[in-house]
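Enquirer: just coords:
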């Protein structure tokens, strides 16, 4: 009987440990690192679409993750959990509160160790997360090719319609414009789950424009050259990267060190990934964005 009690207690302790946030030391001890991934344009393709775990994950971000995990040791295994974009920012009540400071529950519980989904570092996210920065970018206006002549400045967006991912940096930007600059002629917002839905809604004439980062703009323009056009940028340079708990300084430092090495080595895995998927190396992309400042 006493032995059974000890087994039950040990099981409860094990559950509690697995439900707590994890450090780099814990990751190496358990030989598993947990990535919460979103279906992110052509960056991350998840099949089947409605799966949660044991999904098939492909795309540039997957390739970047695998390259990083190898630096932690040959015996470290990546685990992938499929989440919705907004879920990354949920508190313990399953809500995203932009103005509140808290650790998102997926990270706080130990369900995830990292969000590798190319998140833009902005003020409200810094209340919840810390970042390892991979590249700079700009927020670009994407329109149907046939309508490009009607979109020359930010003022041309007033009174138009946009499709946007909920609680993306682009969604935040539109909300701010509607409060102030566009207050008399607000932009009508259509919330969608994935960036490809935005592109399709532009092509099909369902909305007037969408906003995406420069890297996505290059990728989509390459894939749909006859259908969409990049009109102009609407923001200064943003910083984009992977996100973590604020406490995970060792893990953040390890990822940032790896990123910096990859960027500066012309023949690195990351530069080759970008060359293969975008037709431009990561190093050259960064140089291009910075030159437009």
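Expert: Arrived safely. Quantities reported herein were computed from a predicted structural model and do not represent experimental measurements. Residues are numbered from 1 along each chain as shown.
Enquirer: In contact with the residue lying closest to residue 56 once chain neighbours are set aside: list those residues for me.
Expert: Computed as CB to CB, 6 or more residues apart in numbering, the closest residue to residue 56 that is not its neighbour in sequence is residue 47, at 4.5 Å. (C-beta placed from N, C-alpha, C; glycine too.) Contacts were defined as CB atoms under 8 Å, 6 or more residues apart in numbering; by that measure residue 47 touches 55-56, 58.
Enquirer: Closest one of those to residue 129?
Expert: Nearest to residue 129 out of these is residue 55 (CB to CB; 23.3 Å).
Enquirer: so how far is residue 270 from the residue nearest to residue 56?
Expert: The span separating residue 47 from residue 270 equals 24 Å under the rule CB to CB, to the nearest Å.
Enquirer: ok, now how distant is the residue nearest to residue 56 from residue 195?
Expert: In this structure, residue 47 and residue 195 are 17 Å apart, going by CB to CB.
Enquirer: before we move on, what about residue 123?
Expert: Residue 123 sits 22 Å away from residue 195 when distances are taken as CB to CB.
Enquirer: Can you pick out the residue with more neighbours from those two?
Expert: Shown here are residue 123 and residue 195; by other CB atoms under 10 Å, residue 195 has more neighbours (28 against 9).
Enquirer: where exactly do the helices run in the stretch 1-150 of the chain?
Expert: 2-18, 24-30, 60-69, 105-108, 123-126 (DSSP state H, counting those that start in this stretch).
Enquirer: Considering those, which stretch scores lowest in mean pLDDT?
Expert: If you rank these by mean pLDDT, helix 2-18 sits at the bottom with a mean of 39.
Enquirer: Leaving aside the residues adjacent along the chain, what's closest to residue 25?
Expert: Here the residue nearest residue 25, using CB to CB, 6+ apart, is residue 250, at 7.5 Å.
Enquirer: quick one: the one you found and residue 26 touch, right?
Expert: No: at 10.5 Å, residue 250 does not count as touching residue 26 under the criterion of CB atoms under 8 Å.
Enquirer: So between these two, which is more surrounded?
Expert: In this view residue 250 and residue 26 are compared by other CB under 10 Å, and residue 26 has more residues nearby, 16 against 12.
Enquirer: any weak-confidence spans in the stretch 151-293 of the chain?
Expert: Counting by pLDDT under 70, the stretch 151-293 of the chain contains low-confidence residues at 293.
Enquirer: repeat that for 80
Expert: Per-residue confidence for the stretch 151-293 of the chain (pLDDT under 80) gives these ranges: 292-293.
Enquirer: Show me the helices in it, by range?
Expert: Going by DSSP H, counting those that start in this stretch, the stretch 151-293 of the chain shows helices at 169-179, 195-203, 214-223, 249-264, 269-278, 282-291.
Enquirer: now do the same end-to-end measure for stretch 103-122.
Expert: Taking CA to CA, to the nearest Å, stretch 103-122 runs 15 Å from one end to the other.
Enquirer: ditto for stretch 44-61
Expert: End-to-end distance of stretch 44-61 (CA to CA): 6 Å.
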